[in-house]
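> Sequence plus predicted model, see below.
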Number of protein chains: 2
Amino acid sequence: MKTSMATVCISGTLADKLHACAEAGFDGVEIFEPDLLAAPESPEEIAALAARLGLTLDLYQPMRDVEGVDEDAFRAVLRRAEAKFRLMNRLGIDLVLCCSNVATATVDDDAVSADQLRRLGDLAAGYGIRIAFEALAWGRFIDDYRRAWRVVELADHPAVGVCLDSFHILSRRHDPAAIADIPGEKIFFVQLADAPRLSMDVLSWSRHHRLFPGEGDFDLADFTARIVDAGYSGPWSLEVFNDTFRQTDARRTARHARRSLRWLEDAVSRTLTDAPGGLQMLPDSAAPSAVDFVEIKAEDTSAVEELLGQLGFTPRGRHRTKPVTLWTAGRARVVLNEQHARGWEPRLAAIGLEVDDAEAVDLRMLELHVPRAYRRTYATEERLDGAVAPDGTEVYWAQAADEGEPGWVAEFEHGGPEAPTAIEGVDHVSLSQPWQAIEEATLFYTAGFALRVDSSTEVPGPQGLVASRVLGSPGGEVRLPLNVAPPILAGERAALPQHVAFRCADVRALARAARERGFVPLAMPGNYYDDIAARFDLPTEAVAELRELHLGYDQDAAGTYLHFYTRTIGEVFLEFVERGGSYAGYGAGTAPVRLSAQGRR
Amino acid sequence: MKTSMATVCISGTLADKLHACAEAGFDGVEIFEPDLLAAPESPEEIAALAARLGLTLDLYQPMRDVEGVDEDAFRAVLRRAEAKFRLMNRLGIDLVLCCSNVATATVDDDAVSADQLRRLGDLAAGYGIRIAFEALAWGRFIDDYRRAWRVVELADHPAVGVCLDSFHILSRRHDPAAIADIPGEKIFFVQLADAPRLSMDVLSWSRHHRLFPGEGDFDLADFTARIVDAGYSGPWSLEVFNDTFRQTDARRTARHARRSLRWLEDAVSRTLTDAPGGLQMLPDSAAPSAVDFVEIKAEDTSAVEELLGQLGFTPRGRHRTKPVTLWTAGRARVVLNEQHARGWEPRLAAIGLEVDDAEAVDLRMLELHVPRAYRRTYATEERLDGAVAPDGTEVYWAQAADEGEPGWVAEFEHGGPEAPTAIEGVDHVSLSQPWQAIEEATLFYTAGFALRVDSSTEVPGPQGLVASRVLGSPGGEVRLPLNVAPPILAGERAALPQHVAFRCADVRALARAARERGFVPLAMPGNYYDDIAARFDLPTEAVAELRELHLGYDQDAAGTYLHFYTRTIGEVFLEFVERGGSYAGYGAGTAPVRLSAQGRR
């Protein structure tokens, strides 16, 4: 499988873009005309740079409004096209994207469009160039790939074929089944983009909200498999217009883009019963079965230790070779790390996940070119494999222990045995994301760890809406809500603190016991409890107890959610939750109140 | 006219919001329930704070899903409602907004909804409370204000009336004519929001993109006039959900909001032939007839002077009492100001506009509560009236001179008479805006100066899309493109430099003459000229001349645009343009190339 990407997908100058694509491991690029126009380099220099970087120049795009016009207008088209064909010869590109007419079409007639494409094909052939004709979703007359193919079939010229773009086809919900009717050798090019299902005009949707494969709602595996099945063997090329990607670092976006194609290759291999030899699946791995540990890092972690002690965690000792301590409660393990943290306030630095096949995850990360996390490990210590998530959090994985505690716990010395506790384990870990990292983070967790997107929501905070997307394992053993702060706050590191929620058998008893040890919960306002009394049919004493203990409460048809928060220390806070029935949410009704209370700290 | 605003419109805690609304001059507020829930103050404290600030509490909102349900569900509604009515008594609020059922409606029957509203009205009346029923645009069964009124009419209860919300009515393009069928005393409340016409699902549109009156595409003057005509005399209340306003400073947004209601009052007064006594027009004023001057400020303006000299401007001397110099060319006047600018790189600090009635503009600005700009003025100098635009630019206005130069030019001494020049005047001034200021800036120029929105577009730059909205006078004498940088750059002051474009009779001659005086234009890439040759049917020599002089070129059906740019100095650059025919644009095709070239500086 040959990979390519349109230069419009990433930021910077054309030369920057070529370097970024080459570094990320793409085989080629599509040259987006405005990028060339703005470049100071001549076409020959661009061709030479691409050659040196080992990139093929697969396509020149776009040429607009070439068919469905009257003869006068078509003469101007031929004049313009010839100038561009000469330019393409200088670039050494032999394929041009012509999209269906939007602006100047006056003739709604397949025969006329076919005739004009045929004559354009004749001209192109003289320059050794072929034409890939694409139906734009908002084309004036031709807005459906099936009609574009009909016109190309009518044109019946060896230099004229179609370009299939997943966005234009799937956004309009056109049935991709008819791809099977197109001979593979007449599919000259394929452009791939995912997108969230949005109800908005398709042009704005296309211009601003496309995503890389695996991050949106389109079934790209099915779409691409149909094209492979039809016999297409050209590049899989990304054409993703997205406001975020255009603003972020080109090298980073290119790596992210390349990773999405690796994910797609895997998905297509699994879709096809008879995948061509070049396509490779990723190693199989199931979703993680538990959170192994969470790590909080700071120059001085004492304030966190005090809190953990009040909440019934047991200090299990200091690591043999590092200034790191371990606190546990049930299956919840909190690592406090004071190494290389000068000047840091407490922050969530890493999480560990238990997996059924650590080697498979390792290979997946390798195939996906995810940057690795490094931990110094001595011969007598367990090796820890990890990757750096897009937001900088280190995510480690380890084989799930058959029973009891994982082996690495024995590396901690001078601690006592665990005291009895109502805490059972980690319920969820909320990771606040920089706004430009949320899509990349989604792919990191889905492709790398086989987590899936459970739900998306928006929570109003005092400074704007917080967008939240929950990644989880199918059984709910691992839940990672990813939160994005409003743009105005997104630049501030601790604008949205991260938090770890622990699951307990009896959160009321835990709250009372903690209070006796001096714990002060995040204070919830009285009006919140008046509202609980109005909304839910609870006994007066039950509401009074919630109020007394500063507990949050939610219920839905599936069950109940009872929880409280600690204050924020540095950039992190803790939550303790009790789930009743099969309640699967996160107390969304309480979150705005919590955000306000935290704003008052 | 009594003014009000929902607390959801602005950021911060409930107490912050009350302070901000009071300072901005609102008469009252609607209490948005989630704001109360998150507040640490008791309802009695909130009531007392509002009383001290002189704010009435006009409405409690929203109460959801109260009608169209089965009897079991309705019993739960009554229980919930009674708890909220008790809360409202504690707040001292006697009006509650009930919106049409979205989530729990099972009965699509006006008689059932009316019966339930009647029984709710009975309960409310016992607490001295009235119910304003509103049709949400996305209500399950009731999604049209005409049906909401039918149900209220059927309910026939003194404590039950309607709430009319401009967004829910105008977003669905429901004809507002039927407002005339509702007796004024049954319109219990009115909520106002403007919005851009967007093709997206109405719920997302409503939640994220509402605007204050005068900033969107709705005809709010007509809508509000109909309500006044129907006999409504309650508050005009703003309910604007908008991601930007929720993130910006509450005091600033509140002032901006209050200003939009003053604009609306004027527009309604002009719409009604027989406006009630309380409504006041703003003083009449025509749009500005010219740019009087532009002012560039820096610790050292020498680099700008050198450039102006090369481009044929004449130094007209130093100001009598300030370290300020004047350069002119035709009707273009550039003031260079070195006062109180320590450490500043050159930036566009002020513009002056010529108006036909300076006193009227002065009064409008006063009525709109726009912050004023201050200039020290001695007895022998002309007084300069100005306001501070939302982006911080000072905008001055002065009576247009009958003929010749304005009087203030005589305050500059030791300069010579103006040399002959091809420059005629200022063509346009591009003001880059922080992303959170663009809406407020639009209202500032339309309400304050009677400019109008001419066009909106997006220009791709190397770091993302630049949104551009052009404000202009009807005859095109004054044109102010407002540009918004992509969010990632928006925090950097000079991310998008500001620029002044000067109109010339012969831009080729100007470019040649400037070159002879040592001027070096912003370099345009060769590929740009290859594209011009391909796109336009120009003689080879003409393209060669463009290339030689680094001129940009555009043409449309109306005419041609020929122009060149200077390099950027500090935060500002200059452009020189020649318009052929009645070309009304700004060379949008060249802008991306220019943005790239500037990125290379």
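On my side now, so go ahead. Source: prediction; values computed, not measured.
> Then A:Arg469 would be within a helix, right?
No: secondary structure of A:Arg469 (DSSP: H, G, I helix; E, B strand; the rest coil): strand, not part of a helix.
> Quick one: name the residues of the stretch 501-601 of chain A near chain B.
By the rule Cβ under 8 Å from any Cβ of the partner chain, the part of the stretch 501-601 of chain A lying against chain B is A:523, A:525-528, A:530-531, A:533-535, A:537, A:592-593, A:595-597, A:599-600. To be clear about C-beta, it is placed using only N, CA and C from the backbone, and glycine gets the same treatment.
> Just the buried ones from these?
A:525, A:527-528, A:530-531, A:533-535, A:592-593, A:595-597 (16 or more other Cβ atoms under 10 Å in any protein chain shown).
> need these in JSON lines with pLDDT, can you?
Below are those laid out as JSON lines (pLDDT from 0 to 100):
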{"residue": "A:Pro525", "pLDDT": "95"}
{"residue": "A:Asn527", "pLDDT": "96"}
{"residue": "A:Tyr528", "pLDDT": "96"}
{"residue": "A:Asp530", "pLDDT": "95"}
{"residue": "A:Asp531", "pLDDT": "95"}
{"residue": "A:Ala533", "pLDDT": "95"}
{"residue": "A:Ala534", "pLDDT": "94"}
{"residue": "A:Arg535", "pLDDT": "93"}
{"residue": "A:Pro592", "pLDDT": "87"}
{"residue": "A:Val593", "pLDDT": "92"}
{"residue": "A:Leu595", "pLDDT": "87"}
{"residue": "A:Ser596", "pLDDT": "88"}
{"residue": "A:Ala597", "pLDDT": "89"}
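> Was I right to think A:Leu326 contacts A:Gly415?
Yes: at 6.9 Å, A:Leu326 and A:Gly415 qualify as touching, with contact defined as Cβ atoms under 8 Å.
> Now do the shared contacts for the two.
Shared contacts of A:Leu326 and A:Gly415, defined by Cβ atoms under 8 Å, 6 or more residues apart in numbering or on different chains, are found at A:Pro315, A:Arg316, A:Gly317.
> hmm, back to that, need the buried ones among the residues of the stretch 501-601 of chain A next to chain B in JSON lines (columns: secondary structure).
As requested, those are exported to JSON lines (three-state DSSP):
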{"residue": "A:Pro525", "secondary structure": "coil"}
{"residue": "A:Asn527", "secondary structure": "helix"}
{"residue": "A:Tyr528", "secondary structure": "helix"}
{"residue": "A:Asp530", "secondary structure": "helix"}
{"residue": "A:Asp531", "secondary structure": "helix"}
{"residue": "A:Ala533", "secondary structure": "helix"}
{"residue": "A:Ala534", "secondary structure": "helix"}
{"residue": "A:Arg535", "secondary structure": "helix"}
{"residue": "A:Pro592", "secondary structure": "helix"}
{"residue": "A:Val593", "secondary structure": "helix"}
{"residue": "A:Leu595", "secondary structure": "helix"}
{"residue": "A:Ser596", "secondary structure": "helix"}
{"residue": "A:Ala597", "secondary structure": "helix"}
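> Which one's more surrounded, A:Leu326 and A:Gly415?
Remark: of A:Leu326 and A:Gly415, A:Leu326 carries more neighbours, 23 against 16, as counted by other Cβ atoms under 10 Å in any protein chain shown.
> give the contact list for the more buried one.
So A:Leu326 contacts A:Pro315, A:Arg316, A:Gly317, A:His319, A:Arg333, A:Val334, A:Val335, A:Leu336, A:Val409, A:Phe412, A:Gly415 (Cβ under 8 Å, 6+ apart).
> any idea of the pLDDT on the fifth one?
Reading off the per-residue confidence, A:Arg333 sits at a pLDDT of 98.
> any idea how far it is from A:Ala422?
Note on A:Arg333: its distance to A:Ala422, by Cβ to Cβ, to the nearest Å, is 16 Å.
> Stretch A:68-79 close to chain B?
Yes: using Cβ under 8 Å from any Cβ, stretch A:68-79 reaches chain B at A:Ala76, A:Arg79.
> hmm, who's touching that stretch?
A:65-67, A:100-101, A:104-109, A:112-113, A:116, A:119-120, A:123, A:140-142, B:537.
> Around A:Leu323, how many other residues sit close by?
Just to correct that, residue A:323 is Pro rather than Leu. For A:Pro323, the count of nearby residues is 13 (other Cβ under 10 Å).
> Touching, it and A:Gln339? I think so.
Yes: taking Cβ under 8 Å as the definition, A:Pro323 is a contact partner of A:Gln339 at 5.2 Å.
> in the stretch 101-250 of chain A, which segments are predicted with low confidence?
Within the stretch 101-250 of chain A, the ranges that satisfy pLDDT under 70 run A:199-200, A:245-246.
> which residues of it fall in helices?
Along the stretch 101-250 of chain A, counting by DSSP state H, counting those that start in this stretch, helices occupy A:110-126, A:145-155, A:166-170, A:202-208, A:220-229, A:250-271.
> Thanks again, I'm all set now.
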